[in-house]
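Chemist: Pasting the sequence and the predicted model now:
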Amino acid sequence: MLSNENGVAKHGTLCRRAADWYTACMTENARSRKGRVLIAPLALALAFLALLVAVRLSPGHPLTAPSAYNSYTLQAMAWRDGRAYLAEDVPHLELAIFEGRYYVSFPPVPSLVLYPLTFLFGNDVPDGLAVTLYALAALLALYAALRRGGFQEVGAAFWAFMLLFGSSLLPLAFSGAVWHQAQVLGFLLAVLSVAMFARGRPLPGLVFYALSVGCRPFNAVYGPLLAILYVLERKKEGVPFAAAAGQLMPGLAAGFAVACLYGWYNWARFGNPLEFGHNYLPEFSFQGGVQFSLSHVVRNLESHVFSLPFEFREGIWRFKQFGFSLFIANPALLLTLVWACADVIKRRFRARHALILAFMLLHLFLLLLHRTFGGYQYGARYAADLIPYALLYILNREKKPGWASWGVMVMGLGLAVAGGLAFFVP
């Protein structure tokens, strides 16, 4: 009887030790996983810092120096004085002239970010630093979206970095020039919108989407696509159409409210809720230029779709100053087409893939209507607005990108770094 009790006690002690050992192992594994979760974002931040040094600091451009193209800072300063127009003309900026007054000819959201900074820095807001922080936030948002989409840490970090910097966005990401502020902040907001929808949170997703339109108006194309993809995803989960559409309503109401604020601001300045100022630039208002036209499409196709990056000029080979093929400068867009073709061949092409591709091509067509398609630039900077479609395609694709795709993106990064050094605009 005693020996039996000793055996039970011994057995109980062994069980407790085993349970304690298992708990300790699980705790250690949890700590290890928590540590690994931080490694990839830290590696991204270090890689980002290396690019910052190479592109912004090595040529001798201080990070805190304000850009000479500081339209958004000037607009924020005018708001502080209770005006929607600038006090005087600044000849080197793209200012709209309406009824004898000078207005910033771009949508207003970037000035909202800079407005509180003007109370610290006045006219000398370090807008380049602001754009750099936008790019860092976009990098982390891309990483979070890819992790949510099933990528492991290394794959998510690689594709986040390459989608952002292996593209025409790289030369923009460290410059505070007005055009770059709008495009990088618009990109960040579009990626945040995609990330929120990927988490099943349409309200913040639609708010971020509406704000991105206040940076880049053609980003309006993203909204219907994200809403449709959300409803399709809920349908797969068994949610009725009416219920899924109802979940979108708060976000649609918030987005509409933001759109009304844009309309009010445009009306207050130009008497037209849809006019943000570009039509009153001298080149379009009285110098004979046409901002958007079908006649621009053929020329833009030649120079920004089918053109090579280099030309022989002044005795050496140089980057083309006014752009080249968007698919070379932004290889993620080329890969999106390649992935779509592969999915068709392998019979993996679904309705959601067709939708993403169709909206991307529609967005591209609208950009091709513009007279300049970005002007002096590395590659085709307008086309960088399309990169969130590549993110959406990756997130909605069953097969993860293979090593060949990784290699293409690495080559794109190398070209973009060279372009960033050649086309930096202080």
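Modeler: Received, thanks. Residues are numbered from 1 along each chain as shown.
Chemist: if I look at residue 210, how far off is residue 339?
Modeler: Between residue 210 and residue 339 the computed distance is 29 Å (C-beta to C-beta, to the nearest Å). In this view, the C-beta of every residue, glycine as well, is placed from N, C-alpha and C.
Chemist: higher neighbour count, these two?
Modeler: residue 210 (25 against 22; other C-beta atoms under 10 Å).
Chemist: Do I have it right that the more buried one meets residue 260?
Modeler: No. Residue 210 lies out of contact with residue 260 (C-beta atoms under 8 Å); the separation is 10.1 Å.
Chemist: Could I get the contacting residues of residue 222?
Modeler: Residue 222 makes contact with 190, 193, 194, 209, 212, 359, 363, 388, according to C-beta atoms under 8 Å, 6 or more residues apart in numbering.
Chemist: Who are the contact partners of the most centrally placed residue in the chain?
Modeler: The centroid of the chain falls nearest to residue 187 when counting by C-alpha atoms, centre = their mean (2.3 Å). Listed by C-beta under 8 Å, 6+ apart, the contact set of residue 187 reads 134, 138, 164, 169, 212, 384, 385, 387, 388.
Chemist: Out of the residues you listed, which is nearest to residue 244?
Modeler: Comparing the contacts of residue 187 against residue 244 with C-beta to C-beta places residue 388 closest, at 21.8 Å.
Chemist: Run a quick neighbour tally on the closest one.
Modeler: 30.
Chemist: any idea how far residue 293 is from the closest residue to residue 225 other than its chain neighbours?
Modeler: Of all residues beyond its chain neighbours, the one nearest residue 225 is residue 359 (4.3 Å), with distances taken as C-beta to C-beta, 6 or more residues apart in numbering. Noted for residue 359: a distance of 22 Å to residue 293, by C-beta to C-beta.
Chemist: I'd like to know how many residues surround residue 235.
Modeler: Applying other C-beta under 10 Å, I find that residue 235 has 12 neighbouring residues.
Chemist: need the contact list for it.
Modeler: So residue 235 contacts 241, 244 (C-beta under 8 Å, 6+ apart).
Chemist: Over to it. Which of the three states is it?
Modeler: Classification of residue 235 by DSSP: H, G, I helix; E, B strand; the rest coil places it in helix.
Chemist: Show the pLDDT at it.
Modeler: Predicted confidence (pLDDT) for residue 235: 92.
Chemist: Go through the helix or strand in which residue 300 is found and flag the buried ones.
Modeler: According to DSSP states H and E, residue 300 maps onto helix 295-304. Along helix 295-304, these residues count as buried under the neighbour rule (16 or more other C-beta atoms under 10 Å): 296, 300, 303, 304.
Chemist: any idea of the mean pLDDT in that helix?
Modeler: Mean predicted confidence for helix 295-304 is 94.
Chemist: which residue packs closest to residue 109, ignoring adjacent ones?
Modeler: Residue 109 sits nearest to residue 214 (C-beta to C-beta, 6+ apart), 3.5 Å away.
Chemist: wait, what's in contact with that neighbour?
Modeler: 107, 108, 109, 258, 262.
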